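>>> I need the structure of the sequence given here:
(chains A and B)
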Amino acid sequence: MIHTAALLFYIGAFALWVRFLWSGSRGRGPLLASVLALLGVVLHGTSLALFYLEHDELPLVGPGAALSSLAFVGGLALLVLLPLREVARVAIVLLPFVIVLQAVALAIGVRPAAAAIDFQGAGFILHVAFAFAGFQAFALACAAGTLYLIQFHELKTKRIGKIFRFTPPLATLDTLGRVGVWSGLVCLSLSLSLGWAWTLTYRDSLEITDPKVVWSVLSWFTFLGVVVARRLGDQPEYRGAVAAVLGFGVVVATFLVLRVTVGAEGLFL
Amino acid sequence: MTLVVVGVSHRTAPIDVRERFWFGPEEASRALLNLRSEDGIEEAVLLSTCNRTEVYLFPSDGETAIQAVERMLARKVGPLEDDLRSYLFQHQGQDAAQHLFRVSSGLDSMVTGEAEIQGQVREAYARSTELPIEPPMAGPVLNRLFQMSLAVGGRVRAETGLGEGAASVASVAVELAKKIFGSLRGKNVLILGAGATGELIVEALAREGAEGVIVANRTYERAVNLAERLHGHAIHFDRLPDGVASADIVLSSTAAPHAVLSRRVLYQAFPGGIRQPLFVIDIAIPRDVDPAVGDEPNVFLYNLDDLQQIVDEHVQVRRGAVPAAGRLIEAQLGEFSDWLASQEVVPLIRDLRGRGEEIRGRELERLYRRLPELSEEERERVEEFSKRFLNKLLHDPTIRLRKGLPHGDPGDLVETVRFLYGLEDLEEYEEDRVGREGGAFTEEQGSARVGAEEGVDPEEDDVGEEEGDKGKGGEGNERPEPRGSSGRGGPGISAARPAGRSGQRRK
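Just a heads-up that it's a prediction; the model follows:
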């Protein structure tokens, strides 16, 4: 119930952002949207805390619970952006991502993992937390990249309308994208290192064939590819934006393919 | 008392006249202090910009105050070709408030929706509040008026399209530059040519933080001159690629008959490719920049037509927003009028309640004298009853007074109620009562009292009192007839009221 309420608040916040864009960036839309997003995150956090209290298991392993936690990290990222005035407008791209994650989580059910969990500890929790933070940072880079490409198009084609007014400056979006990709890469690197430290300690293996590991390694190389793409040749900002959008698409697509083909029942992957 | 505005604006006077009315900040402060010395001017704010000089007043006597302002303005401008009054406009009452709301919102500006006026109104208001004078020049009414005008100005800009987009070529250029670079702090501007519009754009960019100005002109001396004015440096025209390479923004306004900035120059400037965005503004006719330059991936090229088209679109949007802005202003105006009207009835309600309390107290005293056997508890109950009774009796009139008449002048309502309840000269009555209680009232007062109470001794005759309650005298028996009972508020009441609460409401 609380999960659903959080989702509704996210949807409400998104609707207000769309309305604000549609009205030519006038009115108090951002303020109200921020309040709704804040309420959504508070409810979301409460629901995840209740999940833990009820099942004595962190919501990090079961697919529904893990997706909901991933959405929650996205919500937290939104909260960080909200006070940053124009930058907060990235929420119009980031919120749908959070909404879809939470909706899918609710559709498949926020339940404990089917498999017995014998590996929870600080290292594991940090591993998952860094992974989620990394993917959300990458989602943020993708959102900034999307808006960058839109604004670039508006400026090039001289369409000075509602979208132009709503979208933050190119330089701001570029900075946000750069921060997103770099922090994503760092977080994912830490997550992989912690994960491998754990598997080596308890299972004496790197578990390279585990779908989760395959996905994480692929994602890490994608992140790296985006960072490298920014540094080669001219127009680094534009190329960085394209790479962030494509790279994030690759990460999501890879997850879906692995989930459908080799994902374990009852686990995130 | 009523609100008044007197002044000149771009609607009533040409610029050569308007500029003579302009008050600098210190001059405005002096003028306000001088106005205070004029009879009847209690509150005043002087707004002076390049497009208007307006004095807002809340005087005790409108006509006298207007004359004082006219004298002040006449002293300021000296002899004019035409009569001073032919350039002046004036509004009173609600029209004056509406005028200020329109000014603050930019509806009355030369460029509809321009934002600068909001800051100028704020400064003018602040000047009046900060003047070292007591009571302050911006008293309760002008305080409220200006705060509301600033609020409505903000709402109009935030909620309608009136302030949307830039409405001049220079400000559009700045808006575009900010959408590309975010902050313009530390950005370099290269100017090709030395036109006036170009200078305006550079100044606008500099106001936003653009710093390094490089000027290139075919005539090097002209480049040096312009560079000195803009605190930049000049380069020879043949070093154009170097200038382009170090610029974030290129502004071209030469009189050259052919393109001076081509792809070839760009490639010379950036042999390794254009890594950073380059904003190129071409305001020359014929164009200075080869349109192919705009095809380069990191170059944003805008010519004069592009900029003008954006200006036109913004102006269209602003015009379309005027009705919505008008509705916001009307709503705010309604709120202000209600507030002002409520200020007018506050003293009346206080007097009405005071009168009721006074009668209640007196009647209780009388009752206790007649019924000395009443216990403490019974007295408390009687007291409780009398309070509730009075409150219930006055509740509806109080609410209705605050709401005012659906139509008509709130001042009329105040006067009517004062007349009905005999509150026109309450102060005089109070003096009279004190005199009676102290046994020292004048012959005139005494005879008025005797006349009023003739044949009835309320202290002794219960029947008379009951009949009075039924409409045969009542309260009239215990107080003198008001002097000049035409209902035009007595001087005592006016003195007791704060500014703006007079029964003598001027229009």
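>>> show me what from the stretch 101-250 of chain A comes close to chain B.
For the stretch 101-250 of chain A, the contact set with chain B under Cβ under 8 Å from any Cβ of the partner chain comprises A:151, A:155-156, A:158, A:160, A:164-165, A:167-172, A:175, A:233-238. To be clear about C-beta, it is placed using only N, CA and C from the backbone, and glycine gets the same treatment.
>>> ranges for the helices of chain A?
For chain A, the helices defined by DSSP state H cover A:2-22, A:29-55, A:63-81, A:91-108, A:122-157, A:162-166, A:170-203, A:211-231, A:236-261.
>>> and the residue of chain B most remote from its centre, what pLDDT?
Ranked by distance from the centre of chain B (Cα atoms, centre = their mean), the top residue is residue B:373, with 62.6 Å. Predicted confidence (pLDDT) for residue B:373: 90.
>>> in what helix or strand does it lie?
Secondary-structure assignment from DSSP states H and E places residue B:373 in no helical or strand segment.
>>> swap in the one 4 residues further on?
Counting by DSSP H and E, the element that carries residue B:377 is helix B:376-403.
>>> check residue B:317 too.
helix B:304-370.
>>> so that helix versus helix B:376-403, what angle?
On the basis of axes from the mean of the first three to the mean of the last three Cα atoms, to 10 degrees, helix B:304-370 is oriented at 150 degrees to helix B:376-403.
>>> what is the mean pLDDT for helix B:304-370?
Here the average pLDDT along helix B:304-370 is 89.
>>> ditto for stretch B:423-434
On average, stretch B:423-434 scores 55.
>>> what is the burial count for the closest residue to chain A within the stretch 151-300 of chain B?
As assessed by Cβ to the nearest Cβ, chain A sits closest to residue B:273 within the stretch 151-300 of chain B, at 3.0 Å. For residue B:273, the neighbour count with other Cβ atoms under 10 Å in any protein chain shown is 12.
>>> dump the residue contacts of it.
A:233-235 (Cβ atoms under 8 Å, 6 or more residues apart in numbering or on different chains).
>>> got the phi and psi for the residue located most distally from the centre of chain A?
In terms of distance from the mean C-alpha position of chain A, residue A:158 ranks first, at 31.8 Å (Cα atoms, centre = their mean). Here the main-chain torsion angles of residue A:158 (degrees, to the nearest 10) amount to phi 60, psi 40.
>>> surely it and residue B:305 touch.
No: Residue A:158 is not in contact with residue B:305 according to Cβ atoms under 8 Å; the separation is 10.0 Å.
>>> quick check: closest non-adjacent residue to residue A:60.
residue A:128 (4.4 Å; Cβ to Cβ, 6 or more residues apart in numbering or on different chains).
>>> what about the closest residue to residue B:122 other than its chain neighbours, which helix or strand?
Take residue B:122 and drop its neighbours on the chain: the residue closest to it by Cβ to Cβ, 6+ apart is residue B:150, 5.9 Å away. Element membership for residue B:150 (DSSP H and E) is helix B:140-159.
>>> how about that helix as CSV, C-alpha atoms only?
C-alpha atoms of helix B:140-159 as CSV (Å, rounded to 0.1, in the frame of the first residue of the first chain):
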residue,chain,number,x,y,z
PRO,B,140,0.5,51.7,6.7
VAL,B,141,-1.4,52.4,3.5
LEU,B,142,1.5,52.9,1.1
ASN,B,143,3.4,50.1,2.7
ARG,B,144,0.5,47.7,2.0
LEU,B,145,0.0,49.2,-1.5
PHE,B,146,3.7,48.8,-2.5
GLN,B,147,4.1,45.4,-1.0
MET,B,148,1.0,44.2,-2.9
SER,B,149,2.2,45.8,-6.1
LEU,B,150,5.5,44.0,-5.8
ALA,B,151,3.8,40.8,-5.1
VAL,B,152,1.4,41.1,-8.1
GLY,B,153,4.4,42.1,-10.3
GLY,B,154,6.1,38.9,-9.3
ARG,B,155,3.1,36.8,-9.8
VAL,B,156,2.4,38.3,-13.3
ARG,B,157,5.9,37.5,-14.3
ALA,B,158,5.9,34.0,-12.8
GLU,B,159,2.4,33.0,-13.9
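>>> can you name the next helix or strand after it?
helix B:169-181.
>>> any idea how far that following helix is from the chain center?
31 Å (Cα atoms, centre = their mean, to the nearest Å).
>>> show residues contacting the helix or strand following that helix.
Next along the chain after helix B:169-181, taking DSSP H and E as the criterion, comes strand B:189-192. Under the contact criterion Cβ under 8 Å, 6+ apart, strand B:189-192 has outside partners B:198, B:202, B:205-206, B:210, B:212-217, B:226, B:230, B:232, B:240, B:243-244, B:246-254, B:260-261, B:288.
>>> count of neighbours near the nearest residue to residue B:183 once chain neighbours are set aside?
For residue B:183, ignoring the flanking residues on the chain, the nearest one in space by Cβ to Cβ, 6+ apart is residue B:209 at 6.2 Å. Applying other Cβ under 10 Å, we find 13 residues neighbouring residue B:209.
>>> residues from chain B in reach of chain A?
Applying Cβ under 8 Å from any Cβ, we find that chain B lies next to chain A at B:158-161, B:164-165, B:176, B:178-183, B:270, B:272-275, B:277, B:297-298, B:300, B:302, B:306, B:309-310, B:313, B:317.
>>> show the buried residues in those.
B:159-161, B:164-165, B:176, B:178-182, B:270, B:274, B:277, B:298, B:300, B:302, B:306, B:310, B:317 (16 or more other Cβ atoms under 10 Å in any protein chain shown).
>>> of the residues of the stretch 101-250 of chain A next to chain B, grab the buried ones for ChimeraX.
Entered in ChimeraX, the line below selects the buried ones among these, by 16+ other Cβ under 10 Å:
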select /A:151,155,158,160,164,165,167,168,169,170,171,172,175,235,236,237,238
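>>> for chain B, see how far away residue A:241 is.
12 Å (Cβ to the nearest Cβ, to the nearest Å).
>>> whoops, residue A:62 was the one
Residue A:62 is 43 Å from chain B, by Cβ to the nearest Cβ.
>>> wait, that residue touches residue A:113, no?
Yes: judged on Cβ under 8 Å, residue A:62 makes contact with residue A:113 at a distance of 4.2 Å.
>>> which of these two has more residues huddled nearby?
Each of residue A:62 and residue A:113 has its neighbours counted (other Cβ under 10 Å); residue A:62 has more, 26 against 21.
>>> per-residue confidence for that one?
At residue A:62, pLDDT is 82.
>>> that older thread, can you check what angle separates the helix holding residue B:317 from helix B:169-181?
Using the same axes, to 10 degrees: helix B:304-370 against helix B:169-181 is 90 degrees.
>>> elements contacting helix B:304-370?
helix B:94-105, helix B:140-159, helix B:169-181, helix B:376-403, helix B:410-421, helix B:426-437, helix B:491-496 (3 or more Cβ pairs under 8 Å, 6 or more residues apart in numbering or on different chains; DSSP states H and E).
>>> one step back: buried sites along the helix holding residue B:150?
Buried-residue list, helix B:140-159, by 16+ other Cβ under 10 Å: B:140-146, B:148-150, B:152-153, B:155-157, B:159.
>>> so which pair among the residues you listed is furthest apart in space?
Spatially, the most separated pair among these is B:140 and B:159, at 27.7 Å (Cβ to Cβ).
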